[in-house]
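K.L.:
Curious how this folds, go ahead:
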Amino acid sequence: MFCTRVNKGRLFLMQGDITLADCEAIVNAANNYLKHGGGVAGAIVRRGGAVIQEESDAMGYVQTGQAVITDGGNLKARYVIHAVGPRQGEGNEDQKLQAATRSVLRIVGERKIKSVAFPAISTGIFGYSVEKCARIMLKENLDFLRDYADPLDVYFYLYNTADYTVFYNTLSGLMS
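P.N.:
Here you go, the predicted model:
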């Protein structure tokens, strides 16, 4: 685990399972139709229960770069924020990931959420570069924390050592 203070907030890097995060909200790397069958999304629904998929089904289609919020079901987290990231090769992937991250942070600010956990959005089945993901998502979160007036804990849950190392090295570069 690594932690750095930014303004009134803190940014943590964790290696582990985001479904076990003891945060007010966790972020799901979602697809446009909010069908949570595999990867992070599938794990969240398996642990959190059917209510997450039921609420997602009621929302329908979500544009790439946008985020929506549902109940957290049986998770420790009260909420799940479903962020639709880009698929590698669809075009404008960097801008879409930036927009998805900002959309999550907008919801966090509007709801006055005190702690949120992110996965490395789009780096699984969507094939997006972990290096680019780390640079974009960390920069957006650092910028948000620098300007945000309330205390906020932001966690990045990285599933494996390789991804954790990329995020750690990227964060170190952004902080220097």
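K.L.:
any idea which helix or strand of this structure has the worst average confidence?
P.N.:
helix 39-48 (a mean of 92; mean pLDDT, DSSP states H and E).
K.L.:
which residues are in contact with that helix?
P.N.:
With contact meaning CB atoms under 8 Å, 6 or more residues apart in numbering, helix 39-48 is reached by 17-20, 26, 28-31, 35-36, 52-53, 72-75, 77, 80, 82, 119, 124-125. All C-beta spots, glycine's among them, are computed from the backbone N, C-alpha and C.
K.L.:
can you pull the contacts of residue 32?
P.N.:
Going by CB under 8 Å, 6+ apart, residue 32 touches 61-64, 84.
K.L.:
Swap in 6 Å and give it another go.
P.N.:
Listed by CB atoms under 6 Å, 6 or more residues apart in numbering, the contact set of residue 32 reads 61-62, 84.
K.L.:
Please tell me how far the most centrally placed residue in the chain sits from residue 75.
P.N.:
In the chain, the C-alpha nearest the mean C-alpha coordinate belongs to residue 118, at 2.9 Å (CA atoms, centre = their mean). Residue 118 sits 15 Å away from residue 75, taking CB to CB, to the nearest Å as the criterion.
K.L.:
Closest to residue 158 out of the contacts of residue 32?
P.N.:
residue 84 (20.1 Å; CB to CB).
K.L.:
That closest one touches residue 67, doesn't it?
P.N.:
No - using CB atoms under 6 Å, residue 84 is not in contact with residue 67; the gap is 7.1 Å.
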